[in-house]
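**Student:** return a 3D structure for these sequence lines:
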Amino acid sequence: MIPQAKPAIGEEEISAVREVLLSGNLAQGKLVKQFEEEFARAIGVKHAIAVANGTCALEIALMCAGVKKGDEVVTTPFTFVATTNAICMTGAKPVYADIEPDTFNISPASIGERITKKTRAILPVHLYGLPANMGEIMKIAVENNLLVIEDACQAHGAKVNGKFVGGIGDIGVFSFYPTKNMTTGEGGMITTNNDEMAEKARIIRNQGQVARYEYSMLGYNYRMTDISAAIGLCQLKKLHEFNRRRKEIAEVYNENLRDVVKIPVTPDGYEHAYHQYTIQTDKREGLREYLTKAEIGTGIYYPKLLYEYPHLNKYRRKCQNAEKVKNTCLSLPIFPLLSDEEVRVVVNTIRRFYGK
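**Tutor:** From the prediction side, this is the model:
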């Protein structure tokens, strides 16, 4: 069986976790601080604040941006629900803009059409590891006095014109779920160059404390453990190699599948992190069934637009491109431990399906 995704955990991570367990210092401590410092340095920002997961990171980032009840946040309906959940948890309203059909990312033109007097922020998602059009998004934000919160949960190491995502907008968010480009088991990170936002994020994640038993605001227990940070420190050292391998696999897919399916695009100046390798095909269901029978895993990310779920239907907006793409996209196996032979099996099986 060739899985669609698989975490790359080695002896280094196991040894690091064992060391933490034996130390007895399991909660947020010196390793979390070290992980924050090294992650901030790796993507070129002043501050990185580690939290329990990516959803916590999104919620805190929105709070740090001043998003509150009655505000609107423009975002994409074609992504994982955590992005919308975090907006709703602040009491704000998600306003869905359409996507660009070739990149899967939020359309700047559609963002412009959705802005109202209630809009507080733009929340683009760097979907599948490809950065959104940050140049245009930042321009729109400046023109309308809006903040930009980057959802980089799928895009560790992705770049726009040499600059890492998570450090382009006002504040960024990463997830370290097991299938991400790097993992801590569960975990998240907030990144920013804004001192005030960083300090507020640190206070919110730790029960609103500025010092022990000194509370300055409402807060939560959204802390990361040293156990998770130990894994993260090992994974961060491997991230460049992980991404190099993902790109290598993607290039094989590109070369061998471009004549049978619509392959992913990467605009000039963009560096794709290939969290997912997502093709488009009108024969998706047949292809997926064929691959499943051949014991090749695939993923559909995402089968529905977020406003198609009953509890989010009140936020429905016409997103023509997203409504079409959701029926044609299929994600193929791509992870660092995938062998060259397994890649060839995937390619050859797909080509056989198309009679090539």
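
**Student:** tell me which stretches of this protein form strands.
**Tutor:** Along the chain, counting by DSSP state E, strands occupy 47-51, 72-75, 93-96, 119-123, 147-151, 159-160, 163-164, 171-175, 188-192, 209-211, 214-215, 270-271, 277-280, 329-332.

**Student:** any idea which helix or strand in this structure has the lowest mean pLDDT?
**Tutor:** Least confident helix or strand, the chain: strand 214-215 with a mean of 83, by mean pLDDT, DSSP states H and E.

**Student:** which residues touch that one?
**Tutor:** The contact list for strand 214-215 (C-beta atoms under 8 Å, 6 or more residues apart in numbering) reads 207-209. Yep, even glycine has a C-beta here, placed from its N, CA and C like the rest.

**Student:** and that strand, which strands flank it?
**Tutor:** Paired neighbours of strand 214-215 in the sheet (DSSP bridges): strand 209-211 (antiparallel).

**Student:** quick one: average pLDDT of the strand it pairs with?
**Tutor:** For strand 209-211, mean pLDDT rounds to 86.

**Student:** what lies in contact with it?
**Tutor:** 203, 215-216, 219.

**Student:** do that again at 10 Å, thanks
**Tutor:** Contact partners of strand 209-211, identified using C-beta atoms under 10 Å, 6 or more residues apart in numbering, comprise 199, 202-203, 215-217, 219.

**Student:** got a winner among those residues for most neighbours?
**Tutor:** Arg202 (21 neighbours; other C-beta atoms under 10 Å).

**Student:** neighbours around the nearest residue to Asn321 once chain neighbours are set aside, how many?
**Tutor:** Of all residues not flanking Asn321 in the chain, Pro101 sits nearest, at 4.5 Å (C-beta to C-beta, 6 or more residues apart in numbering). Pro101 has 16 neighbours, counted by other C-beta under 10 Å.

**Student:** what sits against Pro101?
**Tutor:** Counting by C-beta under 10 Å, 6+ apart, Pro101 touches 107, 262, 265, 280, 320-322, 324-325, 328.

**Student:** and Gln28, what's its pLDDT?
**Tutor:** 91.

**Student:** cool, and Leu218?
**Tutor:** On the pLDDT scale, Leu218 is placed at 87.

**Student:** isn't it right next to Arg205, touching?
**Tutor:** No - with contact defined as C-beta atoms under 10 Å, Leu218 does not reach Arg205; the gap is 12.0 Å.

**Student:** contacting residues for the residue nearest to Val148 when sequence neighbours are not counted?
**Tutor:** Once flanking residues are discounted, Val148 sits nearest to Gly169: 3.4 Å by C-beta to C-beta, 6+ apart. Counting by C-beta under 10 Å, 6+ apart, Gly169 touches 61, 65, 121-124, 132, 134, 137-138, 141, 147-152, 191-193.

**Student:** and the residue nearest the centre of the chain, how far is that from Glu251?
**Tutor:** Here the mean C-alpha position of the chain is nearest to the C-alpha of Cys153 (C-alpha atoms, centre = their mean), at a distance of 2.1 Å. Separation of Cys153 from Glu251 (C-beta to C-beta, to the nearest Å): 24 Å.

**Student:** repeat for Arg284
**Tutor:** Noted for Arg284: a distance of 23 Å to Glu251, by C-beta to C-beta.

**Student:** so between those two, which is more surrounded?
**Tutor:** Neighbours per residue (other C-beta under 10 Å) separate Arg284 from Glu251, with Arg284 holding more: 17 against 11.

**Student:** would you agree the more buried one is in contact with Asn327?
**Tutor:** Yes - using C-beta under 10 Å, Arg284 is in contact with Asn327, at 7.1 Å.

**Student:** shared neighbours, those two?
**Tutor:** Shared contacts of Arg284 and Asn327, counting by C-beta under 10 Å, 6+ apart, come down to Ile300.

**Student:** hmm, back to that, how far does the least confident helix or strand of the chain sit from its chain's centre?
**Tutor:** Chain-centre distance of strand 214-215: 33 Å, with C-alpha atoms, centre = their mean, to the nearest Å.

**Student:** on that earlier part again, right, and the pair among the contacts of Pro101 with maximum separation?
**Tutor:** For the contacts of Pro101, the maximum inter-member distance is 19.0 Å, found between Val265 and Gln320 (C-beta to C-beta).

**Student:** these two: which has the busier surroundings?
**Tutor:** Val265 (14 against 11).

**Student:** ok so, going back, make a markdown table from the contacts of strand 209-211 and add distance to Glu113 to it.
**Tutor:** Output for these, formatted as a markdown table (distance: C-beta to C-beta, whole Å):
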| residue | distance to Glu113 |
| --- | --- |
| Glu199 | 35 |
| Arg202 | 36 |
| Ile203 | 36 |
| Tyr215 | 42 |
| Ser216 | 39 |
| Met217 | 35 |
| Gly219 | 37 |
